[in-house]
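*Asks:* structure, please.
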Amino acid sequence: MHRVLSIAALVACVASTAQASVFFTNISVTGPAGLIGTPGIITGTRDIDISFNGNAGLVGEPTNLFSPIMPIVITYDVASDEGPLNSATLSLLGAASGNGTVSCVTQVRTLPLPGAVIGNNAAGYNLDNPPPTFTQISFSQGAATFRVTQTITFGATNTAAVDFAQLSLVEMHFAPAPGATALLGVGGLLMFRRRR
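*Replies:* Got it, this is the predicted structure:
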């Protein structure tokens, strides 16, 4: 009977931690109006999606659009109520043709600022490496609160041929430290056993 109760308690504790979430605040998207428009921002329990509508490039676009182009800068704060996070997956969706490129430099810094840099990554796509692209970013240490800064740069040379670089979606999905959820469940089980 005790074993059945202990297993039931463990299952209940793990299930309760499954409800834990990652929260996103202080979200900012800046850059040229023609690139960012009105971005869509959707947050889930562990991910943030920032979508853009038709930016950066049609054949024959104004030369000054890429000479040089001002980047899009995305910043937001992340807080986890399930303990430290130790990695993230970056997804970039869009389009590239000709010599069009999109690059995204991501920096993760602990809070409060200035904090320590715990993650750096450079990713992107072009005609030879077409979207969507997916990149794993590992943190040098786990952190429950941190700031993410992404600098997104477009590049293309205006020619009569198709030279197109477009960004439609930037997504970051965050993962808990290995075993964090299980440890929370085991901690709940130990508390349950102590009370008995």
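
*Asks:* apart from its chain neighbours, what residue comes closest to P84?
*Replies:* The shortest distance from P84 to any residue that is not its chain neighbour, by CB to CB, 6 or more residues apart in numbering, is 2.9 Å, and that residue is G142. C-betas here are computed from N, CA, C, even on glycine.

*Asks:* from the contact counts, what lies against the one helix or strand A95 maps to?
*Replies:* Following DSSP states H and E, one finds A95 within strand 85-97. In terms of contacts (3 or more CB pairs under 8 Å, 6 or more residues apart in numbering; DSSP states H and E), strand 85-97 is packed against strand 101-110, strand 117-125, strand 133-143, strand 164-176.

*Asks:* out of these, which is closest to N26?
*Replies:* Each of these was scored for nearness to N26 using CB to CB, and the closest is strand 101-110 (12.9 Å).

*Asks:* follow-up on the earlier one: what lines up beside the strand holding A95 in the sheet?
*Replies:* Strands flanking strand 85-97 in the sheet, each with its direction: strand 133-143 (antiparallel), strand 164-176 (antiparallel) (DSSP bridges).

*Asks:* relative to strand 101-110, how tilted is that strand?
*Replies:* Orientation check (axes from the mean of the first three to the mean of the last three CA atoms, to 10 degrees): strand 85-97 against strand 101-110 gives 170 degrees.
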